[in-house]
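Asker: sequence and computational prediction follow.
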Amino acid sequence: METDKHFFYVLECVDGSYYAGYTNNLEKRLAAHNAGKGAKYTRAKGPVRMIHQEAFDTKPQAMKAEYAFKQLSKPQKVRYIAEGEKGTL
C-alpha cells in the first residue's frame, strides 16, 4: 500500500552486504527485491531482509538520508543500524 510517507531503508543480502534504497511502499519494494525485480545489485544477492527503515515526510528528505548512509564505511553502517542513529546522517 502506497503511503504519504517516504522511506529510506536498508536490506541485508544473503552474502552479508547491505543495500540502501528509497520507497514509499516498504512491503511492495521488499517483495520486488526478493522476486528478483528490485535493484540489479540485489538480484544476485537474494534473498534479502529488511534490517532498517526510517520514515520521512518528503521524498527529498528520505533520499538525502539514503545518500548519506551510502557515504559511510561498512563499520559506520553497522554502528548506525545497531544504534538507530536517526537524524545524525
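Answerer: Nice, I can see it. All values derive from a computational prediction rather than experimental measurement. Numbering: from 1, shown residues only.
Asker: all contacts plus neighbour counts: C-alpha atoms, from now on.
Answerer: Fine.
Asker: what's stretch 14-26 in contact with?
Answerer: Here stretch 14-26 makes contact (CA atoms under 8 Å, 6 or more residues apart in numbering) with 1-13, 29, 41-42, 45-48, 62-63, 66, 69-70.
Asker: now do the buried residues in that stretch.
Answerer: Buried residues in stretch 14-26, counted by 16 or more other CA atoms under 10 Å: 18, 19, 20, 21, 22, 23, 24, 26.
Asker: re the thing from before, from the contacts of stretch 14-26, list just the buried residues.
Answerer: 6-13, 29, 42, 45-48, 62-63, 66, 69.
Asker: can you map out the strands along the protein?
Answerer: Assigned by DSSP state E, the strands in the chain fall at 6-12, 18-23, 49-56.
Asker: of all the ones you listed, which one comes closest to residue 75?
Answerer: strand 18-23 (11.5 Å; CA to CA).
Asker: who does the closest one pair up with?
Answerer: strand 6-12 (antiparallel) (DSSP bridges).
Asker: hang on, the earlier thing: which of the buried residues of stretch 14-26 lies closest to residue 79?
Answerer: For the buried residues of stretch 14-26, with residue 79 as the reference and CA to CA as the criterion, the closest is residue 18, at 12.9 Å.
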